[in-house]
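S.K.: okay, structure incoming, though there's no sequence with it:
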């Protein structure tokens, strides 16, 4: 086998561009990375070790973009965390400290479930057919979250973090964090699950998206860093430069995606993404079973 | 957050135990793990790094919880 031909540069560009968008849009990046190669007739499979190593770079790029986009917020959040540890309490009016602990509390269940179940779930559900079915269900989940939301979708003035810490308690943070784990199944979206959870907790779409992106940053970054040795090990042979190209493409589209979504959700709902997932999943399912 | 000083000692003990378990996972191969540990496999030489990370993170969280229980009540910040 010629190592350089495992993933071509055009394929790397397409996969990188797709990853950046689909990781942050509530449409399942994992599902798209299972379905698209099969739709285009590429000989790339979700469970191939070199493909997993390749994806590490795109995930890391997405996490770095999120970190950069919310860098001022993360500085405040980390300072708040430090203040709370120093004072050995979360002051009632310390929004940053409470947000920091909400993010930690939400990240722990997602991290543990990810560590425990990621390999098993990916192995079992990595077929394009099952990814298509779960994409349909992701659409149903997003639509369901909009139907069951506790707050009418209106644009709110003021500090979004104050609203988040006011409406999201410890139980809700654990719930939203745990909901992210559903994204271990190709076809379900991490950001979709956490945004949906945010809506059920009483957040607006704008605040739910913000909380989801803040919550996603450590999880995506940690997962990528944990697997980074694979990219530099022998499973990364033949895909390392393609991974770099894909990471750059992924970073560009991730930046545009997060910028777009933060504006989009000021006045819009999850419904268009629910419709897309339902129709795209249905179309792909019909294609793969025919 | 309500403070309960009676929880400090159990939290510290549990946190230390969990971090010790994490170290065992990182240092020992699956075949050398105690048989009651998840991931024990008498024929495997792999290290369960992820189990260790999970135990470490939960241990840190429990220690942080214990740390918060040690704080005294203070007036709200201005």
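M.R.: Happy to help now that I have it. What you see is a predicted model, and the numbers here were worked out from it, not measured in a lab.

S.K.: quick check: residues of chain A near chain B?
M.R.: By Cβ under 8 Å from any Cβ of the partner chain, the residues of chain A that approach chain B are A:84-85, A:87-94, A:104, A:108, A:111-112, A:115-116, A:226. From N, CA and C alone the C-beta is placed, and that goes for glycine too.

S.K.: again, 6 Å this time
M.R.: A:88-89, A:91-93, A:108, A:112, A:115 (Cβ under 6 Å from any Cβ of the partner chain).

S.K.: only the buried members of these: can you turn that into a PyMOL selection?
M.R.: In PyMOL syntax, the buried subset of the residues of chain A next to chain B is picked out as below (16 or more other Cβ atoms under 10 Å in any protein chain shown):
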select buried, chain A and resi 89+91+108+112+115
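
S.K.: now for the residues of chain A next to chain B: which two are most distant?
M.R.: A:93 and A:115 (35.2 Å; Cβ to Cβ).

S.K.: and the gap between the closest residue to chain B within the stretch 151-290 of chain A and residue A:67?
M.R.: Nearest residue of the stretch 151-290 of chain A to chain B: residue A:226, at 7.5 Å (Cβ to the nearest Cβ). From residue A:226 over to residue A:67 the distance is 16 Å, taken as Cβ to Cβ, to the nearest Å.

S.K.: what's stretch A:116-126 in contact with?
M.R.: A:34, A:46-47, A:184-186 (Cβ atoms under 6 Å, 6 or more residues apart in numbering or on different chains).

S.K.: hang on, residue B:15 packs against residue B:59?
M.R.: Yes. Using Cβ atoms under 6 Å, residue B:15 is in contact with residue B:59, at 4.8 Å.

S.K.: ok, and the closest non-adjacent residue to the spatially most central residue of chain B?
M.R.: With distances taken as Cα atoms, centre = their mean, the residue of chain B nearest its centroid is residue B:59 (2.1 Å). Among residues not flanking residue B:59 along the chain, residue B:18 sits closest, at 3.1 Å (Cβ to Cβ, 6 or more residues apart in numbering or on different chains).

S.K.: how many neighbouring residues does the one you found have?
M.R.: 19 (other Cβ atoms under 10 Å in any protein chain shown).

S.K.: quick one: the helices in chain B?
M.R.: B:8-27, B:49-69 (DSSP state H).

S.K.: quickly compare these and say which is most buried.
M.R.: Ranked by mean neighbour count, the helices of chain B are led by helix B:49-69 with a mean of 19 (mean count of other Cβ atoms under 10 Å in any protein chain shown).

S.K.: quick one: residues in contact with it.
M.R.: Contacts for helix B:49-69 (Cβ under 6 Å, 6+ apart): A:88, A:108, A:112, A:115, B:3-4, B:7-8, B:11-12, B:14-15, B:18-19, B:21-22, B:25-26, B:39.

S.K.: tilt between that helix and helix B:8-27?
M.R.: 160 degrees (axes from the mean of the first three to the mean of the last three Cα atoms, to 10 degrees).

S.K.: which single residue in chain B comes nearest to chain A?
M.R.: For chain B, Cβ to the nearest Cβ, closest residue to chain A: residue B:71, 2.7 Å.

S.K.: now that residue. Nearest residue, chain neighbours left out?
M.R.: Using Cβ to Cβ, 6+ apart, the nearest residue to residue B:71 is residue A:88, at 2.7 Å.

S.K.: got the contact list for that neighbour?
M.R.: B:68, B:70-71.

S.K.: quick check on it: phi, psi?
M.R.: With angles defined as degrees, to the nearest 10, residue A:88 sits at phi 60, psi 30.

S.K.: could you check how far residue B:14 is from residue B:55?
M.R.: 11 Å.

S.K.: about what we covered before: mind putting the residues of chain A next to chain B into CSV with secondary structure and pLDDT?
M.R.: CSV is the format used below for those (DSSP: H, G, I helix; E, B strand; the rest coil; pLDDT from 0 to 100):
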residue, secondary structure, pLDDT
A:88, coil, 91
A:89, coil, 90
A:91, coil, 91
A:92, coil, 89
A:93, coil, 90
A:108, helix, 90
A:112, helix, 87
A:115, helix, 83
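
S.K.: any figure for the gap between the one residue in chain A that gets nearest to chain B and residue B:3?
M.R.: Going by Cβ to the nearest Cβ, chain B is nearest to residue A:88 of chain A, at 2.7 Å. The gap separating residue A:88 from residue B:3 is 9 Å, by Cβ to Cβ.

S.K.: just residue A:169 next, same as before
M.R.: 18 Å.

S.K.: next one: residue A:144
M.R.: For residue A:144 relative to residue B:3 (Cβ to Cβ), the value is 39 Å.

S.K.: now residue A:241
M.R.: Using Cβ to Cβ, residue A:241 is found at 55 Å from residue B:3.

S.K.: okay, helices next: where are they in the stretch 1-150 of chain A?
M.R.: Taking DSSP state H, counting those that start in this stretch, the helices of the stretch 1-150 of chain A run over residues A:9-24, A:29-39, A:49-69, A:71-87, A:95-124, A:128-148.

S.K.: so which of those helices gets nearest residue A:251?
M.R.: helix A:49-69 (4.2 Å).

S.K.: now that closest one: buried residues?
M.R.: A:50-66, A:69.

S.K.: and the pLDDT for the nearest residue to residue A:37 once chain neighbours are set aside?
M.R.: Excluding the flanking residues, the one nearest residue A:37 by Cβ to Cβ, 6+ apart is residue A:44, at 4.2 Å. On pLDDT, residue A:44 comes in at 83.
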